[in-house]
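>>> I would like to see how this sequence folds:
(one chain, ligands or ions: 2)
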Amino acid sequence: MTSQQPKYEYVSSAKLPTRLGNFRIHGFVEASGQEHVALSYGDWKESDVVPIRIHSECLTGDALFSTRCDCGYQLEKAMANMVEKGFGVLLYLRQEGRGIGLLNKIRAYNLQDAGMDTVEANEHLGFDADLRSYDICKLMLEKLNVNKVELMTNNPRKVAALEKLGVEVVARKPIDHGITKDNKHYIKTKTEKLGHAFDPHLFKD
Ligand SMILES: Nc1nc2c(ncn2[C@@H]2O[C@H](COP(=O)(O)OP(=O)(O)OP(=O)(O)O)[C@@H](O)[C@H]2O)c(=O)[nH]1
Ligand SMILES: [Zn+2]
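Ligands and ions are numbered 1, 2, ... in the order given. Modelled structure (predicted):
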């Protein structure tokens, strides 16, 4: 019998002191070689409901202070919430640009500068609006001993994906932090075309 290569693997963990608090970082890798990380803060029991955020990589928002999207603000707010609560988990998935990659996201931004919205730009480039997979979250949460979660998101696809993987989503916590004049239109499109649960008054002109 041939042994099948696992689709995802845990690699290693280490301390990660940050400006927000002292986290731990845990590395995971897909069979394709794609790397992902999880951050954990504090301790919990197997039976606890753990506050988590599943965050997709956004180099421009997360690391370069871009206000074109809400990613950087949400990342910081989610980590701050974990520190305030005393425990929590961030699953940081390296699927930049909703899965199309960094340079294609820049191509999509170029089309948006010329008037398309975020979904039209993806489609113009030959991609679906959202190409992300959340399958690796199951292994990440198992490794971190998390069974029940309170998920910080406005994205119903993330709730559905976790439930499909057998993770109990006890509650969804809205995270509508970081709506700016530069990203109002993007947030409106996410709400109207991708089903995000933002209150419409947040992006009204
Ligand atoms: N293709 C494309 N991707 C974008 C654009 N703006 C932001 N992104 C990507 O969208 C993703 C946003 O991911 P998340 O922060 O997980 O957020 P979300 O799916 O909007 O859901 P929330 O949990 O509610 O924040 C990141 O991968 C960004 O790089 C855009 O205009 N086009
Ligand atoms: Zn972003």
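>>> the residue nearest the centre of the chain: what secondary structure?
The geometric centre of the chain, computed from its C-alpha atoms, lies nearest to His55 (CA atoms, centre = their mean), at 1.5 Å. In three-state terms, and counting by DSSP: H, G, I helix; E, B strand; the rest coil, His55 is strand.
>>> which residues touch it?
When the contact criterion is CB atoms under 8 Å, 6 or more residues apart in numbering, the partners of His55 are 62, 71, 74-75, 78, 90-93. Where C-beta positions appear, they are placed from N, C-alpha and C, glycine not excepted.
>>> for the protein, what spans make up the helices?
Along the chain, the stretches classed as helices by DSSP state H are 71-85, 102-113, 118-124, 136-143, 156-164, 184-193.
>>> okay if I get those helices as CSV plus mean neighbour count, distance to Ile175 and mean pLDDT?
Shown next, in CSV, are these (neighbours: other CB atoms under 10 Å; distance: least, CB to CB, whole Å; pLDDT from 0 to 100):
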stretch, mean neighbour count, distance to Ile175, mean pLDDT
helix 71-85, 19, 5, 97
helix 102-113, 16, 21, 98
helix 118-124, 20, 18, 95
helix 136-143, 20, 17, 96
helix 156-164, 16, 11, 95
helix 184-193, 18, 12, 82
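>>> redo those as a markdown table? Include distance to Lys15.
Putting the helices of the chain into a markdown table (distance: least, CB to CB, whole Å) gives the following:
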| stretch | distance to Lys15 |
| --- | --- |
| helix 71-85 | 15 |
| helix 102-113 | 28 |
| helix 118-124 | 37 |
| helix 136-143 | 17 |
| helix 156-164 | 27 |
| helix 184-193 | 35 |
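>>> so which of those gets nearest ligand 2?
Nearest to ligand 2 among the helices of the chain is helix 71-85; the distance by CB to the ion comes to 3.1 Å.
>>> how about that closest one and ligand 1, any contact?
Yes. Judged by CB under 6 Å from any ligand atom, helix 71-85 comes into contact with ligand 1 at 71, 74.
>>> show me what that helix is packed against.
Counting contacts by 3 or more CB pairs under 8 Å, 6 or more residues apart in numbering; DSSP states H and E, the secondary-structure elements packed against helix 71-85 are strand 35-41, strand 49-56, strand 88-93, strand 148-152.
>>> many thanks, I have nothing further to ask.
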